[in-house]
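Colleague: next one to model:
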Amino acid sequence: MLASALAWIKRMQAWRTMDRILVANTLWMLLGEGTKLMMQMAYFVIIARMLGADGYGLFIGVVALIAVLTPFSSLGRGELLVMHVSRDRQCFPEYFGNSLVMTALSGTILTGIALGMGVMLFSGTISPLLIVCIALSDLIGYRLLEISGKAYQAFEQLQRTAQLNVLIGATRLLAAVLLVFVVTDQGVESWALLYLLSTVVAASISLGLVTKELGRPAIKLRKLVTELRAGSAFSISQSSLALYSDVGKTVLLRYSTAEHAGIYAAASRIVDVALTPVYALMDAAFPRFFQEGVHGLGKSVSYASRLLLLSLVYCGLAWLGLWLAAPLIPWVLGDEYRSAVEAIQWMAIIPLLKGMHVFAADALTGAGFQGWRTGVQVLVAVVVTGLHILIVPLYAWGGAIAVSIVGDVMLCGLYWAMIGYLLKRERSGQQKGHLTNEGG
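Modeller: Numbers count the residues shown, from 1 in each chain. Model prediction:
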């Protein structure tokens, strides 16, 4: 009896320690994301005004196209780094080194693929220079910055991850200021060049910090090959998420107008901003899902449930806030974005839907069911892409919003249905094991 009580007390003390770390890391990420957010909103307003709805639509259409390829530029190496290093910090050098090598190799190949896809889809509309600049920035530069952030995330030093988030926001804001006051040709191609330069500067600084503070990279080619399957599952998962989130922008650019793509992209960006606190909590909690998931899905789902209520309360408030603040958009971005008011009000429900499924997804990943999670995301991405192609030509950005909402509803239902099935299977296995032990 005494031993059980002592064990319970130790566990409660451990939970309190973990809670303090989670709160501290969440606050760091919220501070970093909040600062980055203010900078992003500043350069977003600058770029949206300078390029206009048409120019911004062209830029964001290419960004959305490349976003589908972006996860494959590292083949899940950042997630593998967090998963393994959060459990054993001694293996950091090899996972860091392999992440850098994979990003450089695959990012270069994917830049060529992105150029081919862009020329094929937007021939005569978008210049190859625009595509190459955005591809190099997002497929190599930004991925190296993300890997640096995940290195600190694996060590649960999220104050540094937060600082790197601020860094990319600062360099891109500086690039936007240069576009206004220094560059004479203030077109979309000039912004793409500055966009690339800002990412290169941020990535270089971040890699230098990681090498100095956490250790030098080491390359293990054998592990690079043997973990291709595990890394690919993360990449497919992320790519499918990018596809269902961003394909509407590309389809609008292809089958509607650049102006409609710009309106939808602006509304999406503002709604995404409202999710910043949820993303901060996700980043802070992500390593802990792997630690809890070692003990089974029940543990990781229990941990997810603790975060879910807080997330839903915030997302409900965000829904109301977006609806009330939407009429201010034309005053901030200009009259070209007047239609974005209605778009934002329709999309205001999306934070609430995302709040219901993001932690369910991480619970699956932490317990080793990344393949199941990936299957759901691929299915939703395929359905959403098909719906966009069918509906967007008829209803423009209104159809894109409706399809986006359908995608989030599908993710909510499928994730939680899958968790229910897997938990039932897990408990059944535990009961059979218990009966076998008693029989033995």
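
Colleague: give me the phi and psi for S74.
Modeller: Dihedral pair for S74: phi -130, psi 0, per degrees, to the nearest 10.

Colleague: using PDB, write out every CA atom in the helix or strand harbouring L130.
Modeller: Assigned by DSSP states H and E, L130 falls within helix 128-136. Provided in PDB are the C-alpha atoms of helix 128-136 (Å, rounded to 0.1, in the frame of the first residue of the first chain):
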ATOM      1  CA  PRO A 128      10.500  30.500 -64.600                       C
ATOM      2  CA  LEU A 129      12.600  32.800 -62.400                       C
ATOM      3  CA  LEU A 130       9.600  33.300 -60.000                       C
ATOM      4  CA  ILE A 131       9.200  29.500 -59.700                       C
ATOM      5  CA  VAL A 132      13.000  28.800 -59.200                       C
ATOM      6  CA  CYS A 133      13.400  31.500 -56.500                       C
ATOM      7  CA  ILE A 134      10.400  30.300 -54.500                       C
ATOM      8  CA  ALA A 135      11.400  26.700 -54.900                       C
ATOM      9  CA  LEU A 136      15.000  27.200 -53.700                       C
END
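
Colleague: whichever helix or strand comes after it vs helix 128-136, what angle?
Modeller: Using DSSP H and E, the helix or strand that follows helix 128-136 in sequence is helix 142-154. Calculated by axes from the mean of the first three to the mean of the last three CA atoms, to 10 degrees, helix 142-154 forms an angle of 10 degrees with helix 128-136.

Colleague: and helix 142-154, average pLDDT?
Modeller: Helix 142-154 comes out with an average pLDDT of 91.

Colleague: buried residues in whichever helix or strand comes after it?
Modeller: Later in the chain than helix 142-154, the nearest helix or strand by DSSP H and E is helix 158-181. With burial defined by 16 or more other CB atoms under 10 Å, the residues of helix 158-181 counted as buried are 158, 160-176, 179. C-beta: built from backbone N, CA, C; applies to glycine.

Colleague: ditto for stretch 418-425
Modeller: Buried positions in stretch 418-425, judged by neighbour count with 16+ other CB under 10 Å: M418, I419, L422.

Colleague: same question for the helix holding L130, mean pLDDT?
Modeller: What helix 128-136 shows for mean pLDDT is 92.

Colleague: list the contacts for S198?
Modeller: By CB atoms under 8 Å, 6 or more residues apart in numbering, the contact list for S198 reads I168, T171, R172, L174, A175.

Colleague: L110 is in what secondary structure piece?
Modeller: Using DSSP H and E, L110 sits in helix 92-121.

Colleague: for that helix, what is the distance to the chain centroid?
Modeller: 17 Å (CA atoms, centre = their mean, to the nearest Å).

Colleague: need the contact partners of stretch 342-351.
Modeller: With CB under 8 Å, 6+ apart as the criterion, stretch 342-351 contacts 263-264, 266-268, 270-271, 274-275, 278, 315, 318-320, 322-323, 326, 329, 397-398, 401, 404-405, 408.

Colleague: go again with 6 Å.
Modeller: Stretch 342-351 is contacted from outside by 267, 270-271, 274-275, 315, 318-319, 322-323, 326, 397, 401, 408, using CB atoms under 6 Å, 6 or more residues apart in numbering.

Colleague: helices of the stretch 151-300 of the chain, residue ranges please.
Modeller: 158-181, 188-213, 221-226, 228-255, 258-274, 276-293, 297-325 (DSSP state H, counting those that start in this stretch).

Colleague: which stretch in those helices is the model least sure about?
Modeller: Looking at those, the bottom one is helix 228-255 with a mean of 72.

Colleague: quick one: Y152 from G298, how far?
Modeller: To G298, Y152 is 29 Å away according to CB to CB, to the nearest Å.

Colleague: neighbour count winner among those two?
Modeller: Set side by side, Y152 and G298 show more neighbours around Y152, with 21 against 18, by other CB atoms under 10 Å.

Colleague: ignoring the adjacent residues along the chain, who's closest to the more buried one?
Modeller: R160 (4.0 Å; CB to CB, 6 or more residues apart in numbering).

Colleague: now do the contacts for L317.
Modeller: Under the criterion of CB under 6 Å, 6+ apart, L317 has no contact partners.

Colleague: distance check, R87 against V68.
Modeller: Here R87 is placed at a distance of 31 Å from V68 (CB to CB).

Colleague: same deal with S245?
Modeller: According to CB to CB, S245 and V68 sit 10 Å apart.

Colleague: what do you get for L174?
Modeller: L174 is 28 Å from V68, where distance means CB to CB.

Colleague: what of H295?
Modeller: H295 is 35 Å from V68, by CB to CB.

Colleague: these two - which one has more neighbours?
Modeller: The neighbour count for H295 versus V68, taken as other CB under 10 Å, is higher for V68 (23 against 11).

Colleague: the more buried one sits in which helix or strand?
Modeller: helix 2-69.

Colleague: again, but for L390
Modeller: According to DSSP H and E, L390 maps onto helix 370-439.
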